[in-house]
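**Q** no FASTA, just this:
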């Protein structure tokens, strides 16, 4: 699907943090109010690349900031719901439905995803103590899940006060979140499948248990030694 940016973004009024006026985030990103997270991200990425201040041809900081805020609002379920209410958007528009088998699959993965997010934010606080927060865009680029799953996990973590948001919609882990993670330490096998490989400082290779390491020895070598002990003459003849 192709996402076209607005023909003239300068005609779209900016939000309060950008120009002190209401900003129609959907119009700015040139998407429908029913757009899913992947559509929102693709539309934002196109505008961000076009208007990034480092772009010598089409860079525009004001328009770049407007696109940033549109993405921050529409990628956060709570902020998007509030914006939809102001705009008068009814995104459900029909009879609600239960997702069925997909629900039970998601239920099994939810705990692992929440643990992965806490691990990322804990690690960020540990290695970047003077700048411990991560924006929604950065976190979204680090985890290998759908936007809906990420938003759902963040909603839970915020409600439990495990993460907090600053005035720029960037998030960081709280003391409660750190305590919870330390008292309920997840295994790497639970967390690492959610982390994108290009977001790792060093490649991760799952560690084998001690018992598995012993089994790693080639089976033929074991059989060969057994034959030598039981039939030394036969083994000698074969050699």
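**A** Here it is on my side, so go on. What you are looking at is a predicted structure, and each value in this text was computed from that prediction instead of being measured.

**Q** so for stretch 71-83, what's the average pLDDT?
**A** Averaging pLDDT along stretch 71-83 yields 87.

**Q** just stretch 100-112 next, same as before
**A** Stretch 100-112 comes out at a mean pLDDT of 85.

**Q** Could you do stretch 169-186 as well?
**A** 94.

**Q** residues in contact with that stretch?
**A** 72, 76, 79, 112, 115-116, 118-119, 121-122, 124-125, 132-136, 139, 154, 157, 160-166 (C-beta atoms under 8 Å, 6 or more residues apart in numbering). Placement of C-beta: from N, CA and C, glycine included.

**Q** tell me the pLDDT at residue 205?
**A** With respect to pLDDT, residue 205 scores 70.

**Q** what number of residues lie near it?
**A** Residue 205 is flanked by 7 other residues according to other C-beta atoms under 10 Å.

**Q** swap in residue 131?
**A** 11.

**Q** Just the pLDDT at it, thanks.
**A** We have a pLDDT of 92 for residue 131.

**Q** Could you point out the longest helix of this protein?
**A** Taking DSSP state H as the criterion, the chain has its longest helix at helix 101-127.

**Q** what packs against the very next helix or strand once past that helix?
**A** Scanning forward in sequence from helix 101-127 by DSSP states H and E, the next helix or strand is helix 136-142. If you count contacts as 3 or more C-beta pairs under 8 Å, 6 or more residues apart in numbering; DSSP states H and E, helix 136-142 packs onto helix 61-74, helix 101-127, helix 147-159.

**Q** what's next to helix 136-142, contact-wise?
**A** So helix 136-142 is contacted by 41, 71-72, 75-76, 117, 120, 134, 147, 150, 169-171, 195-196, 199 (C-beta under 8 Å, 6+ apart).

**Q** buried sites along that helix?
**A** Residues of helix 136-142 classed as buried by neighbour count (16 or more other C-beta atoms under 10 Å): 136-137, 139-140, 142.

**Q** How far off centre is that helix?
**A** Centre-to-centre, helix 136-142 and its host chain are 5 Å apart (C-alpha atoms, centre = their mean, to the nearest Å).

**Q** Offset the numbering so it begins at 12, please.
**A** Renumbered: residue one is now 12, and that last one reads helix 147-153.

**Q** mind listing what the nearest residue to residue 177 once chain neighbours are set aside touches?
**A** In space, and not counting its chain neighbours, residue 177 is closest to residue 144: 5.8 Å by C-beta to C-beta, 6 or more residues apart in numbering. Counting by C-beta under 8 Å, 6+ apart, residue 144 touches 135, 177, 181-183.

**Q** change it to 10 Å
**A** Residues counted as contacts of residue 144 (C-beta atoms under 10 Å, 6 or more residues apart in numbering) are 132, 135-136, 150, 174-177, 179-184.

**Q** just the buried members of those?
**A** Taking 16+ other C-beta under 10 Å as the criterion, what is buried in these is 132, 135-136, 150, 174, 176, 180-184.

**Q** Would you mind listing the two of those that lie farthest apart?
**A** The largest separation in the buried ones among the contacts of residue 144, counting by C-beta to C-beta, is between 136 and 180 at 17.6 Å.

**Q** ok, back up a step: who wins on neighbours among the contacts of helix 147-153?
**A** residue 128 (27 neighbours).

**Q** list the contacts for the residue nearest to that residue when sequence neighbours are not counted?
**A** Nearest in space to residue 128, with sequence neighbours left out and distances taken as C-beta to C-beta, 6+ apart, is residue 164 at 5.8 Å. Contacts for residue 164 (C-beta under 10 Å, 6+ apart) come out as 120-129, 154, 156, 174, 205.
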